[in-house]
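Trainee: I would like to see how this sequence folds:
(4 chains)
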2 protein chains.
Amino acid sequence: MVAGPTSAGPGKDRLRLWIRLLRASRTIEAELRERLKKEFDTTLPRFDVMAALYRVPEGMLMSDLSRFLLVSNGNVTGIVDRLVSEGLVTRARRNGDRRTSMVRLTEEGTKSFAAIAAAHESWVGELLGNVSEDEARRLAGMLKSFRSNWEGRE
Amino acid sequence: MVAGPTSAGPGKDRLRLWIRLLRASRTIEAELRERLKKEFDTTLPRFDVMAALYRVPEGMLMSDLSRFLLVSNGNVTGIVDRLVSEGLVTRARRNGDRRTSMVRLTEEGTKSFAAIAAAHESWVGELLGNVSEDEARRLAGMLKSFRSNWEGRE
DNA sequence: GGCAATTATTTCAAGCTTAAAGTTTCATAA
DNA sequence: TTATGAAACTTTAAGCTTGAAATAATTGCC
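Mentor: Residues are numbered from 1 along each chain as shown, chains lettered A, B, ... in the order given. Model prediction:
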């Protein structure tokens, strides 16, 4: 997924764009993963889950997390298991519907996430440093529009 | 890595851009992975390795593949193992330097890849369909420049 | 030549990821 | 009520991924 078009010709521009997109996100992602590990001894998936929960003090269902994070539900199970065993989130069975459980950040999880998120934001600022704020807005706009085709698709 | 900024404020534009970038590439990647599985019973990492090799008939060293694909060398070992067992690539010990081995597509691998790559390219064209060719070029240009900071970094 | 450092690769343990199959709970309609 | 089906979640098997440790071969220095 990271190699260039195998030949020249029409319709290669979108392929080239896709490859650049992928290389860019992989490079940044790798750097962030490494820093999360070194500085906070955590991982990107754990960070993702905590970031999702941070926005919603009342908590999220497992399936909400799965949908929001664009990962399978089996995947969420494992990550939340580990976060629970680290005392960063809780999984509370609900009275109303006993199939579901509400996942919430613990107090420790909230505090921990706030610190990590601050570092994370400054890292992203650094890693995207040569994109001007203005260009960032324009690029983000384009990416939003080209994603809208796919949002909520199945 | 997929949640939005946790608060408003200055310097959030780059963070928003990063999140959009990541959501876009994850969505497209998931779709391509699924189609590769369904249509060709293969995976994205295998496709990546084959794409890299396809450009270079004389073959690549394991470490070349690792650098080119931006993944660890232990990772490449496993993927190449599986491709070898499927008869799609060969790993040839070299006389000059017996630590290294040259990885090449087999004839079957070459034929197989050509078919998959054609489908892959048309999928990407479809998935990025609402980005005009012109916009694709501009976006790709921006992505190239903002990556150059990181290219070759360690 | 011989030995230390370097380079190329593999192995390993831990964790992430998916799709598919399994379990429990809920909703509903006969 | 009680089957039937749907929904929420977990489990499983297979594969991907990393960083670190282990192996093997080469290079460079004395």
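Trainee: going forward, measure contacts and count neighbours with C-alpha atoms only.
Mentor: Will do.
Trainee: just give me the residue right at the centre of chain A.
Mentor: Among the residues of chain A, the one closest to the centroid is A:Asp48, at 4.5 Å (CA atoms, centre = their mean).
Trainee: doesn't B:Leu22 make contact with that one?
Mentor: No - with contact defined as CA atoms under 8 Å, A:Asp48 does not reach B:Leu22; the gap is 11.7 Å.
Trainee: packing partners for the longest helix seen in chain A?
Mentor: Ranked by residue count, the top helix of chain A under DSSP state H comes out as helix A:12-40. Counting contacts by 3 or more CA pairs under 8 Å, 6 or more residues apart in numbering or on different chains; DSSP states H and E, helix A:12-40 is packed against helix A:44-54, helix A:107-127, helix B:12-40, helix B:107-127, helix B:133-148.
Trainee: return the most buried member of those helices.
Mentor: Most buried of these by mean neighbour count (mean count of other CA atoms under 10 Å in any protein chain shown) is helix A:44-54; its value is a mean of 21.
Trainee: distance check, A:Gly141 against DNA strand D.
Mentor: When distance is defined by CA to the nearest atom of the strand, to the nearest Å, A:Gly141 is 28 Å away from DNA strand D.
Trainee: measure that residue to B:Ala24 for me?
Mentor: Using CA to CA, to the nearest Å, A:Gly141 is found at 12 Å from B:Ala24.
Trainee: now do A:Val103
Mentor: Per CA to CA, A:Val103 is found 26 Å from B:Ala24.
Trainee: now swap in A:Ala51 and tell me
Mentor: 18 Å.
Trainee: could you list the low-pLDDT ranges of chain A?
Mentor: A:1, A:3-11, A:145-154 (pLDDT under 70).
Trainee: name the residues of it found near DNA strand C, please.
Mentor: A:43-46, A:70-75, A:78-79, A:82, A:95-99 (CA under 7 Å from any atom of the strand).
Trainee: pull out the buried members of those.
Mentor: Among the residues of chain A next to DNA strand C, those buried by neighbour count (16 or more other CA atoms under 10 Å in any protein chain shown) are A:Thr43, A:Leu44, A:Pro45, A:Arg46, A:Val71, A:Ile79.
Trainee: most widely separated two among those residues?
Mentor: By the measure CA to CA, A:Thr43 and A:Val71 form the most distant pair in these, at 15.3 Å.
Trainee: ramachandran angles for A:Pro94?
Mentor: Heads up, residue A:94 is Arg, not Pro. With angles defined as degrees, to the nearest 10, A:Arg94 sits at phi -100, psi 150.
Trainee: and the gap between it and B:Leu105?
Mentor: Distance of A:Arg94 to B:Leu105, given as CA to CA: 54 Å.
Trainee: now for A:Ala136: which residues touch it?
Mentor: Residues in contact with A:Ala136 (CA atoms under 8 Å, 6 or more residues apart in numbering or on different chains) are B:Asp13, B:Arg14, B:Leu17.
Trainee: can you check A:Met50 too?
Mentor: When contacts are counted by CA under 8 Å, 6+ apart, A:Met50 touches A:Leu105, A:Gly109, A:Phe113.
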